[in-house]
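Q: Here is my input, please return the structure:
(chains A and B)
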Amino acid sequence: MSGTIAPRRRAREDEFTAERHVYEPHRIGLPPLRPYLRELWRRRQFALEMSRTALRAQHFNSVLGQFWLVLNPLLLTFVYFLLVDILRSGTRGAGFFAHLMAGLFAFNFLSGSVSQGARSVVGGGRLILNTAFPRALLPISSVITAFLRFVPTVGVYAVMHVIAGLAIGPHVLWAVPIFAMLVVFATGVAMLVAAAQVYFRDVSSFLPYLMRIWLYGSPVLYYLDEVPDHLRWIIDLNPLTPMFASLSEVLNKGHAPSAGLMLWALAWAVAALLVGGLLFMSRERDFAVRL
Amino acid sequence: MISLSVSEHSDALPAPATGGRAVRVDGLSVTYRAAYEARPTLRNTVVRLGRRQRMIREIDALKDVSFEVPHGTVLGIVGVNGAGKSTLMRTVAGILPPTRGRVEVEGRVSTLLALGVGFNPDLSGRENVVLGGLAAGLRRDQLRAKYDEIAEFAELGDFMDLPMRTYSSGMYGRLAFSVAVNMDPDILLVDEALSVGDARFKRKSFDKMRELCDHAGTILIVSHALRSIRQLCNQVLWMHKGEVAMFGDADGVIDAYSRFMDVGETDVALEDL
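A: Purely as a prediction, here's the structure:
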């Protein structure tokens, strides 16, 4: 069996490492998608390695080192809990703390993907000027970095989930597809801002404020059903609302998410990936000239 | 910069026969659209759109360049600063898209371009080599196989595991050169890197390039060191203001270029300082 597979695989590899390159005018416009995606997949190790080195570099110099990966979001949750609890004159309990924590950790992933994604292409200047490779690897690597930072926080949340006495059952598994949609959405947005940053260098300066407003407009610091009716339309327009609302339904309320929310979230995720991905790919040949 | 593009089947494919076409450039033009403003910001763009201004200047880096070199050629590219030499190299490497015309490259390309040696100075030499190799499409096992060769040739010793910002410029250059030549490329693009390292390393890099030519490899070298060009190259392309001023045998073109530069063949002009 393996004898028949091996030669075929080799032939396929030879095909796309075909050593004949033809370069023709093509500045703006989509590259041929199938070869592009194939090259992207072939170099997936690059995106992974890039993320690993970024992580190593980020926490190399501090005393607590990798521990910050957990400590940072944990402290942030305490700060926000204090804030919200004071505003609510101390009526919030452990259940809400768990809701806040799950939301903040997930949001942290998104905001990490987006803010690092914005810098990914401009920061990869030298590599872009000297090597030909699918540029989409750079924002994708930012998403992977954010994901690697997110993974240890899952453990922290799991402990909190148990402490708060929230329901544990098969419904919790719904969190996986919900987070997967968030990953797809984050990838699309990361590509969008990465391309935008090449043309408008102040995008990354705006982003922290944008992300903060986005957080306040998402059902993280409050439950979705607490939103006053006259403001509800703003919250409904937010692409993150269906994702974070279903996450809270699953983890906090302890039942399967409503189908409407899930479909709405899926639509946003796919739309973000399509718009961000196509825009990025159609512009990427131009990047080397703009850096 | 450490950048390479290599496939795994160096033994599967026969080495390209000497005389086969390696690089063909046909009517190539490259136009940069450079913005006036130092920083392209949203505010400036909005203001500009409001005034219906286009703050963009077109710079013709290459104008209708055509030439062809067979495998086994060492092509020197000379010209004054801003003649379009580096743009030509980047277009052949597939990094810059042509504005008009066509570039055909037959074979695995490995590049050693001037601007970036190790794209992230906070990472160690080892990490930069691995990342550059993976970006160029190598697999991990291929890189592992090549890594020792690269490290040994560069003679960096323990420095391979230190951040590249601690390197001297000679060390930078040695590592970049070592990566580029040790990938067994069919075509090697070298941009102003002949003066890499000390005299001994220079000798070594010279020999390595000779060895590559003997295996029917093709080399494109951009350099201001005319003596090195004369020794290494069998053909020379003289670029001037984005156009081909002269293309032919090394001696003839270099003589004409030296006369044009009006420096004569003094030692200063011939040797890279």
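Q: Report the contact partners of the closest residue in space to B:Thr166 that isn't next to it in sequence.
A: Spatial nearest neighbour of B:Thr166, chain neighbours left out: B:Phe159 (7.3 Å); criterion: Cβ to Cβ, 6 or more residues apart in numbering or on different chains. C-betas here are computed from N, CA, C, even on glycine. Going by Cβ atoms under 8 Å, 6 or more residues apart in numbering or on different chains, B:Phe159 touches B:125, B:166-167, B:171.
Q: Which stretches in chain A count as helices?
A: A:2-16, A:33-42, A:44-58, A:68-87, A:94-123, A:125-130, A:137-163, A:175-199, A:203-216, A:232-237, A:240-248, A:259-290 (DSSP state H).
Q: Let's have those helices in CSV, adding mean neighbour count, mean pLDDT and distance to chain B.
A: Supplementary listing: these in CSV, determined by neighbours: other Cβ atoms under 10 Å in any protein chain shown; pLDDT from 0 to 100; distance: least, Cβ to the nearest Cβ, whole Å:
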stretch, mean neighbour count, mean pLDDT, distance to chain B
helix A:2-16, 10, 37, 6
helix A:33-42, 14, 87, 6
helix A:44-58, 19, 86, 4
helix A:68-87, 15, 88, 18
helix A:94-123, 23, 93, 9
helix A:125-130, 23, 79, 3
helix A:137-163, 20, 93, 7
helix A:175-199, 22, 96, 6
helix A:203-216, 15, 93, 7
helix A:232-237, 12, 89, 23
helix A:240-248, 25, 95, 24
helix A:259-290, 18, 92, 5
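Q: looking at the ones you listed, which is closest to B:Ala154?
A: Comparing the helices of chain A by their distance to B:Ala154 (Cβ to Cβ), the top pick is helix A:125-130, with 17.5 Å.
Q: need the helices for the stretch 101-250 of chain B, in chain order.
A: For the stretch 101-250 of chain B, the helices defined by DSSP state H, counting those that start in this stretch cover B:125-135, B:140-154, B:169-181, B:199-214, B:226-232, B:250-261.
Q: how far does the shortest one sit from the chain's center?
A: In this case it means helix B:226-232. Mean C-alpha position of helix B:226-232 versus that of the full chain (Cα atoms, centre = their mean, to the nearest Å) differs by 16 Å.
Q: Flag every residue of the stretch 151-273 of chain B that's near chain A.
A: Proximity of the stretch 151-273 of chain B to chain A, by Cβ under 8 Å from any Cβ of the partner chain, involves residues B:Asp186.
Q: for A:Phe81, what are its contacts?
A: By Cβ under 8 Å, 6+ apart, the neighbours of A:Phe81 are A:92, A:96-97, A:100.
Q: repeat for B:Val236
A: Contacts of B:Val236 were listed using Cβ under 8 Å, 6+ apart, and they are B:75-78, B:229, B:246-250, B:253-254, B:257.
Q: just to revisit the earlier point, quick one: the residue nearest to B:Thr166 from chain A, how far?
A: As judged by Cβ to the nearest Cβ, to the nearest Å, B:Phe159 and chain A stand 18 Å apart.
Q: try B:Lys204
A: To chain A, B:Lys204 is 23 Å away according to Cβ to the nearest Cβ.
Q: Tell me, how many residues neighbour that residue?
A: Neighbour count of B:Lys204, defined by other Cβ atoms under 10 Å in any protein chain shown: 19.
Q: what's the spacing between the closest residue to A:Ser246 other than its chain neighbours and A:Leu74?
A: Leaving out its chain neighbours, the residue that sits closest to A:Ser246 by Cβ to Cβ, 6+ apart is A:Pro257, at 3.6 Å. Counting by Cβ to Cβ, to the nearest Å, the gap from A:Pro257 to A:Leu74 is 26 Å.
Q: cool, and A:Val122?
A: 31 Å.
Q: Give me the residues contacting stretch A:272-279.
A: By Cβ under 8 Å, 6+ apart, the residues outside stretch A:272-279 that reach it are A:30, A:136, A:184-185, A:187-192, A:195, A:239.
Q: cutoff 6 Å now
A: Identification of contacts with stretch A:272-279 by Cβ atoms under 6 Å, 6 or more residues apart in numbering or on different chains yields A:184-185, A:187-189, A:191-192, A:195.
Q: Now it - C-alpha only, PDB.
A: Output in PDB follows, covering the C-alpha atoms of stretch A:272-279 (Å, rounded to 0.1, in the frame of the first residue of the first chain):
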ATOM      1  CA  ALA A 272     -14.500  38.100   7.600                       C
ATOM      2  CA  LEU A 273     -12.200  35.400   6.200                       C
ATOM      3  CA  LEU A 274     -13.300  36.000   2.600                       C
ATOM      4  CA  VAL A 275     -13.100  39.800   2.700                       C
ATOM      5  CA  GLY A 276      -9.800  39.800   4.700                       C
ATOM      6  CA  GLY A 277      -8.200  37.000   2.800                       C
ATOM      7  CA  LEU A 278      -9.200  38.100  -0.700                       C
ATOM      8  CA  LEU A 279      -8.200  41.700   0.000                       C
END
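Q: For B:Met89, which residues are in contact?
A: By Cβ under 6 Å, 6+ apart, the neighbours of B:Met89 are B:189, B:191.
Q: any idea of the angle the helix or strand harbouring it forms with helix A:259-290?
A: Taking DSSP states H and E as the definition, one finds B:Met89 inside helix B:85-92. For helix B:85-92 against helix A:259-290, the angle by axes from the mean of the first three to the mean of the last three Cα atoms, to 10 degrees is 140 degrees.
Q: Mean confidence (pLDDT) on helix B:85-92, please.
A: Averaging pLDDT along helix B:85-92 gives 89.
Q: Extract the C-alpha trace of that helix and format it as CSV.
A: Provided in CSV are the C-alpha atoms of helix B:85-92 (Å, rounded to 0.1, in the frame of the first residue of the first chain):
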residue,chain,number,x,y,z
LYS,B,85,20.7,46.7,-10.4
SER,B,86,19.1,45.7,-7.1
THR,B,87,15.6,46.0,-8.6
LEU,B,88,16.7,43.7,-11.4
MET,B,89,17.9,41.1,-8.9
ARG,B,90,14.7,41.3,-6.9
THR,B,91,12.6,40.8,-10.0
VAL,B,92,14.6,37.8,-11.1
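Q: starting at the chain centroid, how far to it?
A: Taking Cα atoms, centre = their mean, one finds the center of helix B:85-92 at 7 Å from the center of the full chain.
Q: Can you give me the buried ones in it?
A: By neighbour count on 16 or more other Cβ atoms under 10 Å in any protein chain shown, the buried set for helix B:85-92 is B:85-92.
Q: and what of stretch B:144-151?
A: B:146-147, B:150-151.
Q: Verify the stated contact: B:Val179 with B:Glu149.
A: No. The criterion here is Cβ atoms under 6 Å, and B:Val179 misses it with B:Glu149 at 9.9 Å.
Q: contacting residues around the residue nearest the centre of chain A?
A: With distances taken as Cα atoms, centre = their mean, the residue of chain A nearest its centroid is A:Ala186 (3.4 Å). A:Ala186 makes contacts with A:110, A:113, A:143, as judged by Cβ under 6 Å, 6+ apart.
Q: one step back: how about the helices of chain A, which one is nearest B:Lys202?
A: Of all the helices of chain A, helix A:125-130 sits nearest to B:Lys202, with 22.1 Å by Cβ to Cβ.
Q: Alpha carbons only: can I get the closest one in PDB?
A: C-alpha atoms of helix A:125-130 as PDB (Å, rounded to 0.1, in the frame of the first residue of the first chain):
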ATOM      1  CA  GLY A 125      10.000  44.000   5.900                       C
ATOM      2  CA  ARG A 126      13.400  42.400   5.400                       C
ATOM      3  CA  LEU A 127      12.000  39.000   4.900                       C
ATOM      4  CA  ILE A 128       9.500  40.300   2.300                       C
ATOM      5  CA  LEU A 129      12.100  42.200   0.500                       C
ATOM      6  CA  ASN A 130      14.400  39.200   0.100                       C
END
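Q: Who are the packing partners of it?
A: Counting contacts by 3 or more Cβ pairs under 6 Å, 6 or more residues apart in numbering or on different chains; DSSP states H and E, helix A:125-130 is packed against helix A:259-290.
Q: for the helix it packs on, the distance to its chain's centre please.
A: Distance of helix A:259-290 from its chain centroid, counting by Cα atoms, centre = their mean, is 12 Å.
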